[in-house]
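J.: fold the following, please.
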Amino acid sequence: QVQLVESGGGLVQAGGSLRLSCAASGLPFSFYEMGWFRQAPGKERSLVARITNGGSTYYGDSVKGRFTISRDNAKNTVYLQMNSLKPEDTAVYYCAQRQPGTVRFSSWGQGTQVTVSS
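T.: Below you'll find the predicted structure:
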């Protein structure tokens, strides 16, 4: 059974930084593509960043140059380093995984709250 557990969220002032972690179990972690999504109140969940099993990365336009996704296959963990945070980054952040070559992310964590104060 796949389990994804996020951590590292919290309250930070605008301009600050946070690093989110997502520990995975129950799957051959290095095989899967991993992604970070976020959902703010009243808004749809959107992709923040993703990383392939080969280490290629993709970022949403609103976080390019500020956020960095990385993975440590030895630790079965994916990270999201968030710098220069803005109030509009406030949301619940989720990690997810999908098989290479598929469209849908099929397993999700429970989410971690990130709140950026102005």
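J.: okay, CA-based contacts and neighbour counts for the rest of this
T.: Fine.
J.: spatially central residue in this protein, please.
T.: In the chain, the residue lying closest to the centroid (C-alpha atoms, centre = their mean) is W36, at 2.5 Å.
J.: contact partners for that one?
T.: By C-alpha atoms under 8 Å, 6 or more residues apart in numbering, W36 lies in contact with L47, V48, A49, R50, L80, Y93, Y94, C95, A96.
J.: tell me how many other residues crowd the nearest residue to it once chain neighbours are set aside.
T.: Sequence neighbours aside, C95 is the residue nearest to W36 in space, at 4.5 Å (criterion: C-alpha to C-alpha, 6 or more residues apart in numbering). C95: 31 surrounding residues under other C-alpha atoms under 10 Å.
J.: roughly how far out does whichever strand or helix holds L11 sit from the chain middle?
T.: Assignment of secondary structure by DSSP states H and E places L11 within strand 10-13. Remark: strand 10-13 is offset 17 Å from the chain centroid, using C-alpha atoms, centre = their mean, to the nearest Å.
J.: going forward, begin numbering at 25 instead of 1
T.: Right, with 25 as the first residue, what we last looked at is strand 34-37.
J.: which secondary structure elements does it contact?
T.: Helices and strands in packing contact with strand 34-37 are listed as strand 136-141; criterion 3 or more C-alpha pairs under 8 Å, 6 or more residues apart in numbering; DSSP states H and E.
J.: just checking: what are the partner strands of the strand it packs on?
T.: Note on strand 136-141: by DSSP bridges, its sheet partners are strand 34-37 (parallel), strand 115-122 (antiparallel).
J.: which element follows the longest one toward the C-terminus?
T.: What it means is strand 115-122. strand 131-132.
J.: show me the contact partners of that next one.
T.: With C-alpha under 8 Å, 6+ apart as the test, strand 131-132 has contacts from V26, Q27, L28, Y118, C119, A120, Q121, R122.
J.: closest to V140 out of those residues?
T.: Comparing those against V140 with C-alpha to C-alpha places Y118 closest, at 16.5 Å.
J.: which pLDDT value goes with the residue nearest to the closest one when sequence neighbours are not counted?
T.: Spatial nearest neighbour of Y118, chain neighbours left out: G135 (4.4 Å); criterion: C-alpha to C-alpha, 6+ apart. At G135, the pLDDT value in this model is 97.
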